[in-house]
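Novice: Here is a sequence with its predicted model. Questions after.
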Amino acid sequence: MTKKTVLTGITTTGTPHIGNYLGAIKPAIEASRNPALNSYFFLADYHALIKCHDPERVARSTREIAATWLALGLDTDAATYYRQTDIPEITELTWILTCMTSKGLMNRAHAYKASTDANRDAGNADLDDGVTMGLFSYPILMAADILMFNADIIPVGKDQIQHIEMARDVAGRFNHTYQPLFNLPQALVDEQTQLIPGLDGRKMSKSYDNTIPLFCSRDELRKLINLITTDLRVPGEPKDPHSSTLFQLYSCFADAGEIAGMRRQFLEGIAWGEAKKQLFEFLDARLSAPRSRYNALMNDLGHVEQELHKGAEKARAKAAPLLEKVRIAAGIRPLTYQAPAVVSDARKQEKSAEELVELAARADEGRRRAILVQLRPLLDRVAGADDKPAAAAAIIAQKAAEVDSLKKKAKQKAQNELDVLNEELAVFLNT
Ligand code: TRP
């Protein structure tokens with residue numbers, strides 16, 4: 001079985017906080033330990049330039065994020081960990097893909113629309129006021145990030161789903177126009193980890209200024225935890241764990257037994273001051289070992305730089321051959337280039353058994369992908385349903401009935417579709 005490739009990028013504009021850790025970094029590091037996956041994680045520093053024109057901030061954030069992932073134990077031999085700007089192939093691919101992207105598609109991108117909407121709301125007649133071409137075509141750079149490594153699975157926040165859809169669109173257009181060189185990637189959104197509360201109880205986010213930096217000092221951590229919003233219940237009065245930010249943050253790091261213990265204390269009326277003290281001691285104990293590794297790495301940036309170079313070398317070893325195929329497919333070729341001769345029938349018959357198996361597997365994969373494109377609306381319907389297992393079961397039942405009602409060739413086609421649906425929807429079905 002071929003390994004699936006997981007890829008995600010982190011824009012280098014901020015300081016990593018607890019929400020980033022739980023929502024993105026921790027699951028990514030766990031995925032990188034899964035032997036069934038190839039993982040690519042990168043510092044998206046070209047993306048940083050889109051929204052931040054403060055060079056010191058971009059550079060500082062790049063150092064901080066680079067050291068954070070290493071401090072948390074990312075194994076850079078297992079994963080490919082690199083900085084986007086170390087991979088010139090990505091920018092080159094961006095241009096080729098730009099020529100495959102319709103402007104209308106980019107007009108619909110959320111980030112761009114948010115800017116034009118803000119101008120409209122402010123009564124500004126120039127809807128594009130303040131919009132750079134970087135912001136406008138940012139989904140194409142992101143498509144290049146993903147397609148450059150033929151990634152299959154892209155773990156992202158909800159706000160990024162549209163960009164993955166756009167990457168699929170652009171890949172499809174390239175494949176159709178030239179040669180099928182690109183996988184169609186899929187977004188993976190983890191609903192649970194989207195909801196890490198910040199100091200004020202809203203989602204922890206830099207834009208709400210309610211974050212707890214992952215590796216702030218012990219004193220800073222204590223100070224921030226003391227700022228967490230609580231209600232007016234007095235000591236001794238039972239507290240509702242579920243509406244409490246303190247309890248939720250504790251739960252994100254604790255095991256089942258610890259969570260049960262804290263819940264009991266809440267119901268027994270623990271004082272808010274005491275709950276804050278316990279949360280502080282608990283988080284500090286969890287974070288102190290990675291915090292000292294982080295501080296050591298921030299004092300040894302040459303080492304961090306070396307790790308990124310190692311990652312860039314691995315990444316380029318994958319990117320360069322694919323980019324070469326892309327260029328050739330599009331007609332960017334050495335003047336002396338000659339297309340490989342078509343293999344004659346006699347030679348074809350000499351193929352070894354292994355080659356035949358591989359060819360058959362490739363043909364199967366191609367067929368499967370073609371079927372998937374047609375089934376996409378059905379799969380999307382399941383993805384968007386409130387009750388996914390029920391929606392999946394209904395779609396399978398409908399297709400099975402179709403198979404039964406058809407004859408021969410049409411039946412085989414519907415059966416193939418049913419097989420792919422069963423595979424794709426297996427996670428939702430109790431089989
Ligand atoms: N745009 C993403 C964000 O803001 C970061 C990113 C850049 C990314 N390139 C990517 C994520 C490629 C996944 C894949 O979160």
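Specialist: Great, that's in hand. Numbering: from 1, shown residues only.
Novice: which SS state does D77 fall under?
Specialist: coil (DSSP: H, G, I helix; E, B strand; the rest coil).
Novice: what does D126 give?
Specialist: D126 ends up coil, using three-state DSSP.
Novice: do F42 as well
Specialist: strand.
Novice: wait, what's in contact with the closest residue to the ligand within the chain?
Specialist: Going by CB to the nearest ligand atom, the ligand is nearest to G9 of the chain, at 3.1 Å. Any C-beta I mention is one placed from the backbone N, CA and C, and that applies to glycine too. Contacts here follow CB atoms under 8 Å, 6 or more residues apart in numbering; on that basis G9 touches F41, F42, L43, A44, H47, Q84, M142, D145.
Novice: With respect to A414, which of those is nearest?
Specialist: M142 (36.0 Å; CB to CB).
Novice: related to what we said a few turns ago, including distance to A426, pLDDT and neighbour count, could the contacts of G9 go into CSV?
Specialist: Output for the contacts of G9, formatted as CSV (distance: CB to CB, whole Å; pLDDT from 0 to 100; neighbours: other CB atoms under 10 Å):
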residue, distance to A426, pLDDT, neighbour count
F41, 27, 98, 24
F42, 30, 98, 26
L43, 35, 98, 25
A44, 32, 98, 23
H47, 34, 98, 21
Q84, 34, 98, 24
M142, 29, 98, 24
D145, 29, 98, 26
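Novice: among those residues, which are in reach of the ligand?
Specialist: A44, H47, M142, D145 (CB under 6 Å from any ligand atom).
Novice: I am assuming the last one contacts T91, so please confirm or correct that.
Specialist: No - if you go by CB atoms under 8 Å, D145 and T91 don't touch, sitting 10.3 Å apart.
Novice: host element of T5?
Specialist: strand 4-11 (DSSP states H and E).
Novice: How far does that strand sit from its chain's centre?
Specialist: 5 Å (CA atoms, centre = their mean, to the nearest Å).
Novice: Tell me the helix or strand right after it.
Specialist: helix 18-20.
Novice: Moving C-terminal from that next one, which element do we reach first?
Specialist: Assigned by DSSP H and E, the successor of helix 18-20 is helix 26-32.
Novice: Pull the number of nearby residues for the closest residue to R168 other than its chain neighbours.
Specialist: Among residues not flanking R168 along the chain, L184 sits closest, at 4.6 Å (CB to CB, 6 or more residues apart in numbering). Around L184 there are 19 other residues, counting by other CB atoms under 10 Å.
Novice: Helix or strand: which one has L184?
Specialist: Going by DSSP H and E, L184 is not part of any helix or strand.
Novice: Please tell me I have it right and L379 contacts L425.
Specialist: Yes - counting by CB under 8 Å, L379 touches L425, with 7.4 Å between them.
Novice: between the two, which one's more packed in?
Specialist: L425 (21 against 17).
Novice: ok, the more buried one touching I396?
Specialist: Yes - counting by CB under 8 Å, L425 does reach I396; the two are 6.5 Å apart.
Novice: And the host helix or strand of D404, what's buried?
Specialist: Using DSSP H and E, D404 falls within helix 388-405. Neighbour counts using 16 or more other CB atoms under 10 Å place K388, A391, A392, A393, I395, I396, K399, E402, V403 of helix 388-405 among the buried residues.
Novice: Without its sequence neighbours, what residue ends up closest to the fourth one?
Specialist: On the basis of CB to CB, 6+ apart, the spatially nearest residue to A393 that is not a chain neighbour turns out to be L429, at 6.4 Å.
Novice: Can you report how many residues lie near that neighbour?
Specialist: Residues near L429, counting by other CB under 10 Å: 13.
Novice: who touches it in this structure?
Specialist: P389, A392, A393, I396, N422.
Novice: could you measure F136 against A109, distance?
Specialist: Per CB to CB, to the nearest Å, F136 is found 8 Å from A109.
Novice: Next: F247.
Specialist: In terms of CB to CB, F247 sits 38 Å off from A109.
Novice: T101 too?
Specialist: Distance from T101 to A109, by CB to CB: 10 Å.
Novice: shared neighbours, the two?
Specialist: P139, M166.
Novice: ok, back up a step: from the contact counts, what lies against the helix holding D404?
Specialist: helix 353-384, helix 408-424 (3 or more CB pairs under 8 Å, 6 or more residues apart in numbering; DSSP states H and E).
Novice: spatially speaking, which residue is in the middle of the chain?
Specialist: Per CA atoms, centre = their mean, the C-alpha nearest to the average position across the chain is that of P155, at 2.7 Å.
Novice: Am I right that A71 is in contact with F215?
Specialist: Yes - using CB under 8 Å, A71 is in contact with F215, at 7.3 Å.
Novice: near the ligand, which residues of the stretch 301-431 of the chain?
Specialist: Counting by CB under 6 Å from any ligand atom, no residue of the stretch 301-431 of the chain sits close to the ligand.
Novice: for the stretch 301-431 of the chain, what are the low-confidence residue spans?
Specialist: 343-351, 430-431 (pLDDT under 70).
Novice: just to revisit the earlier point, ok, now which ones touch the residue nearest to R168?
Specialist: Per CB under 8 Å, 6+ apart, neighbours of L184: R168, A171, G172, R369, L372, V373.
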